[in-house]
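**Q** sequence plus predicted model, see below.
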Amino acid sequence: KEDDRTRTLKQVAAEKGKSFARIIRRVFFHMLLGSTNSDLLPAVPNCPDGAAFASATDGDGADRFGLSGGNIETGGGVASIAAVKTDFYSAIGRFLQFTNSGGRPVFDESIFDGGFIVYINPANLEVFTEAFYGKMVPSIAGTASQDNSISQKYQIELRPAPEITDNDWFIFLRSVPEGKKPMVWTGARPVVETPFSKETGSDRARDFDVEGNAYDSRWGFGLGLPWAGVKCNN
């Protein structure tokens, strides 16, 4: 620090705090994708029905939520706007077909009023942007272009996520009633930043001639029943 003429050392150190705050996002995708990461959760938990976040069947092997395919929609790829549009409608239709253990629908059509959040691979950003935000859908088989019913009818929040590296994508209901949210996060202890230096009387700073900021927190993560999330599997 004494030799730093750029005066950026503290700024760089502060970036570590931002990285710490991104742990929550990392765990979200850790659970969503069922990936392996020993730096985060030792193992991704199953949902209360005994299956992973995205699954065609529950832990007993029955159709998840009373629907063949569960909360997985088999997609037609991402090579065209038409394919994305078709898969979108098929996927959101699943939300209205999900039933609870009593055989009753989990949601009614008003659940669509809050809109959707869609996570995609950034490499597919162009086709998804055109599919969800474009005013017109290009012609198919020589027919005239059509108005884009998705952009006219639904609110879509498109979130390119570098954690997704293939052509799969995920649709979430944006306004989900309490008790039906697919993931749980609890901040058991808020983030606390503690600077340590010779000026603060730190033994570590004095003995090792170092200084910096320490961050501490305690969180809890878990999966609920993923009624509000559908994976489009490509």
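**A** Perfect, thanks for sending it. Since we're looking at a predicted model, the values are computed, not measured. Residues are numbered from 1 along each chain as shown.

**Q** all contacts plus neighbour counts: C-alpha atoms, from now on.
**A** Will do.

**Q** buried ones in the longest strand along the chain, by neighbour count?
**A** Counting residues, the longest strand found in the chain (DSSP state E) is strand 183-196. Neighbour-count burial for strand 183-196 flags 183, 196 (criterion: 16 or more other Cα atoms under 10 Å).

**Q** could we number from 50 for the rest of this?
**A** Renumbered: residue one is now 50, and that last one reads strand 232-245.

**Q** quick check: mean pLDDT across it?
**A** If you average the pLDDT over strand 232-245, you get 81.

**Q** could you export the next helix-or-strand element following that strand as PDB, CA atoms only?
**A** Moving toward the C-terminus from strand 232-245, the next helix or strand (DSSP states H and E) is helix 252-257. In PDB, the C-alpha atoms belonging to helix 252-257 read as follows (Å, rounded to 0.1, in the frame of the first residue of the first chain):
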ATOM      1  CA  ASP A 252      -2.500  -8.800  16.000                       C
ATOM      2  CA  ARG A 253      -2.600 -10.400  12.600                       C
ATOM      3  CA  ALA A 254      -1.700  -7.100  10.900                       C
ATOM      4  CA  ARG A 255       1.100  -6.500  13.400                       C
ATOM      5  CA  ASP A 256       2.600 -10.000  13.300                       C
ATOM      6  CA  PHE A 257       2.400 -10.600   9.500                       C
END
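
**Q** next, the buried residues of the helix ranked longest in the chain.
**A** As assigned by DSSP state H, the longest helix anywhere in the chain is helix 130-146. Residues 130-131, 133-134, 136-137, 140-141, 143-146 are the ones in helix 130-146 that count as buried (16+ other Cα under 10 Å).

**Q** need the residues that contact it.
**A** 116, 120-127, 154-158, 176-177, 179-181, 186-187, 199, 220, 276-277, 279-281 (Cα atoms under 8 Å, 6 or more residues apart in numbering).

**Q** 7 Å instead, please
**A** Helix 130-146 has contacts (Cα atoms under 7 Å, 6 or more residues apart in numbering) with 116, 122, 124-127, 154, 156-158, 176, 179-180, 276, 279, 281.

**Q** just the helices in the protein please.
**A** Under DSSP H, the chain gives helices at 58-70, 72-82, 130-146, 174-182, 198-202, 252-257.

**Q** shaky segments in this protein?
**A** 62-63, 65-66, 185-196 (pLDDT under 70).

**Q** mind redoing it with 90?
**A** 50-73, 85-92, 131, 182-202, 226-228, 233-269 (pLDDT under 90).

**Q** CA atoms only: put the longest strand of the chain into CSV for me.
**A** Taking Å, rounded to 0.1, in the frame of the first residue of the first chain, the C-alpha atoms of strand 232-245 are listed here in CSV:
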residue,chain,number,x,y,z
MET,A,232,-36.1,-22.1,-3.6
VAL,A,233,-35.5,-20.9,-0.1
TRP,A,234,-32.8,-18.6,1.2
THR,A,235,-32.5,-17.4,4.8
GLY,A,236,-30.1,-14.8,6.0
ALA,A,237,-29.4,-16.3,9.4
ARG,A,238,-26.7,-13.7,10.1
PRO,A,239,-26.2,-10.6,7.9
VAL,A,240,-22.9,-9.8,6.2
VAL,A,241,-20.5,-8.1,8.6
GLU,A,242,-17.4,-6.4,7.3
THR,A,243,-14.5,-6.1,9.7
PRO,A,244,-11.3,-4.2,8.7
PHE,A,245,-8.0,-5.2,10.2
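
**Q** give me the sheet partners of that strand and which way each runs.
**A** strand 261-272 (antiparallel) (DSSP bridges).

**Q** list the buried ones in the strand it pairs with?
**A** In strand 261-272, counting by 16+ other Cα under 10 Å, buried: 270-272.
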